[in-house]
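>>> sequence plus predicted model, see below.
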Amino acid sequence: PKGGKLLVLPGDHIGPEVVHEALKILDIIEETTGAKFEREFDLCGGCSLDKHKDSVTEEVLKKSEEADAVFFGSAGGPEWGHSQPNPESGLLRIRLRMQIFANLRPCNFASKSLVHRSPIKEEIIKGVDFMLIRENCGGAYYGNKIEEEDYACDPWEYSRSEIERMARVAGALAMQHDPPLPVWSADKANVLASSRVWRRIVHEVFDKEFPKVTLRDQLADSLAMLLITKPTAFNGIIVTDNTFGDILSDESGGLTGSLGLLPSASLAGAPAAPGTEPTQGRNNAGGVRGLYEPVHGSAPDISGKGLANPAAQVLSLAMMLRYSFNMHHEADVVEQAVAKVLDSKEDGGLEVRTGDLGGKAGSKEMSEAIQGEVKRLLKD
Ligand code: NAD
Ligand code: IPM
Ligand code: MN
């Protein structure tokens with residue numbers, strides 16, 4: 001039987017709004033496929049600070065380790081500020097505890113309307129399709145920080161094993177395509193010691209384990225520029241450090257014109273190709289342990305009004321079905337349903353898009369349109 005154990009952490013502001021809509025898609029999948037997802041809800045972020053005076057409790061950290069997957073909304077908001085622990089620290093602690101070191105952030109233009117919505121010219125943006133893999137448990141985000149009145153330090157550390165496991169995820173994903181996808185490793189080896197070690201070890205792993213994959217180095221700052229001027233040049237896989245990956249993945253949001261469209265998966269090992277089993281980070285459902293969340297944040301400026309675009313959360317659900325539960329067909333269906341709704345107007349149908357995409361629909365309406373498409377596609 002398909003399915004498994006889910007920990008749902010909706011978080012703050014629009015987090016609970018879009019998580020609520022996305023879970024309706026999971027209901028439909030349960031009804032039509034017979035899969036069963038045991039769902040437990042808990043707190044992380046500002047909501048946890050309010051109740052427990054901590055951004056995440058030990059109990060929730062334990063539950064996140066034991067779940068087959070964590071479905072996460074977003075954490076943060078101006079009412080909590082950033083003195084530690086802030087809401088965001090809850091998410092960082094879960095990432096570390098779960099050892100979900102590979103954060104997959106896809107950026108593609110599968111739907112026509114996205115091409116039209118992009119602030120970038122159509123001839124430049126058309127056909128963009130890359131997967132950014134961001135290191136998620138190290139670098140400047142973690143380590144022994146010092147924060148004093150007049151001095152602060154965030155050590156930016158990487159060790160061999162942390163780099164090797166990232167290179168292996170990038171290589172494994174590249175090899176899932178025939179011919180293998182090209183890989184770019186983005187770093188600042190011209191300045192940072194951690195980047196020089198990163199570059200050397202990534203090459204060692206590829207030379208030895210993925211000789212068929214073309215690996216190129218790209219300085220992260222120039223990559224930021226080239227993703228705007230020549231984004232299709234990076235069709236394939238980009239593997240990079242935590243901080244660079246954070247910034248470059250918001251840039252993906254800029255390419256699509258809205259953060260409301262970008263999902264992410266944080267995994268404890270490389271995803272297995274359809275029909276195979278993961279070799280690292282396996283959960284009890286036969287997939288990879290992971291946490292799934294949109295790239296966007298809690299959008300306090302639009303929360304409480306039913307205006308948030310649910311697509312990024314719904315697409316995160318699709319990634320969860322694929323990587324943690326081996327439900328490849330259902331994942332494809334959910335992605336197709338989102339593309340269909342986004343393209344509805346272009347295809348001569350009704351426009352059902354939220355404000356960030358220039359439309360007038362609310363979260364619920366857009367979600368219902370996606371649900372309708374999922375039902376229709378699952379019947380076919
Ligand atoms: P944000 O991503 O929340 O919002 C940036 C802009 O995009 C806003 O104008 C917002 O309205 C819009 N936007 C974002 N998601 C949208 C959606 N689904 N539909 C429509 N519009 C959307 O970034 P921010 O404003 O810099 O951060 C707000 C808070 O969220 C901060 O506390 C930040 O730390 C936190 N944050 C949390 C996560 C997470 O939990 N994974 C990620 C990023 C930021
Ligand atoms: C993201 C967010 C987080 C990060 C914050 C909220 C901790 O910006 O998931 O991209 O910086 O990783
Ligand atoms: Mn970010």
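Okay, I see it. Ligands and ions are numbered 1, 2, ... in the order given.
>>> burial count for the residue lying closest to residue 362 once chain neighbours are set aside?
Using CB to CB, 6 or more residues apart in numbering and skipping the chain neighbours, the partner closest in space to residue 362 is residue 306 (4.5 Å). In this view, the C-beta of every residue, glycine as well, is placed from N, C-alpha and C. Residues lying near residue 306 (other CB atoms under 10 Å) number 15.
>>> isn't there a strand covering residue 306?
No: under the criterion used here (DSSP: H, G, I helix; E, B strand; the rest coil), residue 306 is coil, not part of a strand.
>>> how close does residue 38 get to ligand 2?
Distance, residue 38 to ligand 2, by CB to the nearest ligand atom, to the nearest Å: 26 Å.
>>> what strand or helix carries that residue?
Per DSSP states H and E, residue 38 falls inside strand 36-41.
>>> mind saving the C-alpha coords of the following helix or strand past that strand as PDB?
Counting by DSSP H and E, the next helix or strand C-terminal to strand 36-41 is helix 46-52. Extracted C-alpha coordinates of helix 46-52, given in PDB (Å, rounded to 0.1, in the frame of the first residue of the first chain):
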ATOM      1  CA  GLY A  46       6.500  32.000  15.400                       C
ATOM      2  CA  CYS A  47       3.500  29.900  16.300                       C
ATOM      3  CA  SER A  48       5.700  27.600  18.400                       C
ATOM      4  CA  LEU A  49       7.500  30.600  20.000                       C
ATOM      5  CA  ASP A  50       4.100  31.900  21.100                       C
ATOM      6  CA  LYS A  51       3.100  28.600  22.700                       C
ATOM      7  CA  HIS A  52       6.400  27.100  23.900                       C
END
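>>> what residues sit buried inside helix 46-52?
Within helix 46-52, the residues that qualify as buried are 46-49, counting by 16 or more other CB atoms under 10 Å.
>>> the residue nearest to residue 362 contacts residue 363, doesn't it?
Yes: if you go by CB atoms under 8 Å, residue 306 and residue 363 touch, sitting 5.2 Å apart.
>>> overlap of the contact sets of these two?
Jointly contacting residue 306 and residue 363 under the rule CB atoms under 8 Å, 6 or more residues apart in numbering are residue 17.
>>> mind listing the helices for the protein?
Per DSSP state H, the chain carries helices over the ranges 14-33, 46-52, 58-66, 87-98, 112-117, 122-125, 160-175, 193-209, 220-229, 242-256, 311-325, 328-342, 363-379.
>>> dump those helices to JSON lines, plus distance to ligand 2 and mean pLDDT.
Supplementary listing: the helices of the chain in JSON lines, determined by distance: least, CB to the nearest ligand atom, whole Å; pLDDT from 0 to 100:
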{"stretch": "helix 14-33", "distance to ligand 2": "11", "mean pLDDT": "97"}
{"stretch": "helix 46-52", "distance to ligand 2": "11", "mean pLDDT": "98"}
{"stretch": "helix 58-66", "distance to ligand 2": "15", "mean pLDDT": "98"}
{"stretch": "helix 87-98", "distance to ligand 2": "4", "mean pLDDT": "98"}
{"stretch": "helix 112-117", "distance to ligand 2": "20", "mean pLDDT": "80"}
{"stretch": "helix 122-125", "distance to ligand 2": "22", "mean pLDDT": "91"}
{"stretch": "helix 160-175", "distance to ligand 2": "16", "mean pLDDT": "97"}
{"stretch": "helix 193-209", "distance to ligand 2": "17", "mean pLDDT": "98"}
{"stretch": "helix 220-229", "distance to ligand 2": "15", "mean pLDDT": "97"}
{"stretch": "helix 242-256", "distance to ligand 2": "5", "mean pLDDT": "92"}
{"stretch": "helix 311-325", "distance to ligand 2": "11", "mean pLDDT": "97"}
{"stretch": "helix 328-342", "distance to ligand 2": "20", "mean pLDDT": "95"}
{"stretch": "helix 363-379", "distance to ligand 2": "20", "mean pLDDT": "97"}
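>>> any idea which of the ones you listed is most buried?
Most buried of those by mean neighbour count (mean count of other CB atoms under 10 Å) is helix 311-325; its value is a mean of 27.
>>> which strands and helices lie in contact with it?
If you count contacts as 3 or more CB pairs under 8 Å, 6 or more residues apart in numbering; DSSP states H and E, helix 311-325 packs onto strand 3-11, helix 14-33, strand 69-74, strand 102-108, strand 263-267, strand 290-294, helix 328-342, helix 363-379.
>>> using CSV, list the CA coordinates for that helix.
Extracted in CSV, the C-alpha atoms of helix 311-325 (Å, rounded to 0.1, in the frame of the first residue of the first chain):
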residue,chain,number,x,y,z
ALA,A,311,1.0,26.8,-6.5
ALA,A,312,4.4,26.6,-4.8
GLN,A,313,3.0,24.6,-1.9
VAL,A,314,1.1,22.3,-4.2
LEU,A,315,4.2,21.8,-6.4
SER,A,316,6.1,21.0,-3.1
LEU,A,317,3.5,18.3,-2.5
ALA,A,318,4.2,16.9,-5.9
MET,A,319,7.9,16.7,-5.1
MET,A,320,7.0,14.9,-1.8
LEU,A,321,5.0,12.3,-3.7
ARG,A,322,7.9,11.7,-6.1
TYR,A,323,10.8,11.6,-3.8
SER,A,324,9.5,10.4,-0.4
PHE,A,325,6.7,8.1,-1.6
